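# pasted the sequence and its predicted model underneath.
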Amino acid sequence: MTSTRPTAGTPAAPAVTVSQDDAAAVLSVMRSLSGAWAGHDAETMAKLYTDDATLILPGVTYLKGRAAISDYMDAAFAGKWKGTRVAGVPLELRYAAADVIVLVSQGGAYRPGSAEVTAEDAIRGMWLFTRRDGQWAISGYVNTPLGAAVPLPDTAG
């Protein structure tokens, strides 16, 4: 008897309703975030957020501002997320207003050499990006457990 684990799968293409330039800019911020995570660089990661950004994570975690985000991630990189990388696949990218983009993603943290984000660590996330002085930055983020493994995209390293 063969046992299979449920997986969330990866959609072929995200639903994108923003301009090509804005999509490229927001996805560039996401690549920078993945790079900062891979380097366990909490300070660089926090700089991708606005000064007044809000993060809400499962449980009691509510973070407000870059300093709180940096401190939280610094502790996470020394603890639970030590040695991990992060992958996220966009599911939706749309304007909420002229200078606000909503990005819905799925993915999560994984160990190098893994083929998937485990069901325990897989999440769906909602990101709010705001454009200030012509630059896109993360102003809000919330995630929820997915409950199913997520195969890593070919671009995950």
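Now that the structure is in, tell me what you want to look at.

# middle-most residue in the chain, spatially?
Central residue of the chain (CA atoms, centre = their mean): G88, 5.6 Å from the mean position.

# partner strands of the helix or strand of the chain with the lowest mean pLDDT and their direction?
Of all helical and strand segments in the chain, the minimum by mean pLDDT, DSSP states H and E falls on strand 15-16, at a mean of 75. Strand pairing for strand 15-16, using DSSP bridges, gives strand 85-97 (parallel).

# alpha carbons of the partner strand, as PDB, please.
The C-alpha trace of strand 85-97 is given here as PDB (Å, rounded to 0.1, in the frame of the first residue of the first chain):
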ATOM      1  CA  ARG A  85      15.500  29.200   2.700                       C
ATOM      2  CA  VAL A  86      12.100  30.500   1.600                       C
ATOM      3  CA  ALA A  87      10.100  30.100  -1.500                       C
ATOM      4  CA  GLY A  88       6.900  31.800  -2.600                       C
ATOM      5  CA  VAL A  89       4.800  31.400  -5.700                       C
ATOM      6  CA  PRO A  90       2.500  34.300  -6.600                       C
ATOM      7  CA  LEU A  91      -1.200  33.300  -7.000                       C
ATOM      8  CA  GLU A  92      -2.600  36.700  -7.500                       C
ATOM      9  CA  LEU A  93      -1.300  40.200  -8.100                       C
ATOM     10  CA  ARG A  94      -3.700  43.100  -8.300                       C
ATOM     11  CA  TYR A  95      -4.200  46.700  -7.400                       C
ATOM     12  CA  ALA A  96      -6.200  47.600  -4.300                       C
ATOM     13  CA  ALA A  97      -5.600  51.300  -5.200                       C
END
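
# in that strand, what's buried?
By 16 or more other CB atoms under 10 Å, the buried positions in strand 85-97 come out as R85, V86, A87, G88, V89, P90, L91, L93. (Glycine included, C-beta is placed from N, CA and C.)

# how close does the last one sit to A148?
This points to L93. In this view, L93 and A148 are 22 Å apart by CB to CB, to the nearest Å.

# cool, and the fourth one?
Computed as CB to CB, the G88 to A148 distance reads 15 Å.

# go on, the first one?
For R85, the distance to A148 (CB to CB) stands at 19 Å.

# SS state for R31?
Here R31 takes the helix state, with states given by DSSP: H, G, I helix; E, B strand; the rest coil.

# quick one: contacts for it?
If you count contacts by CB atoms under 8 Å, 6 or more residues apart in numbering, R31 has none.
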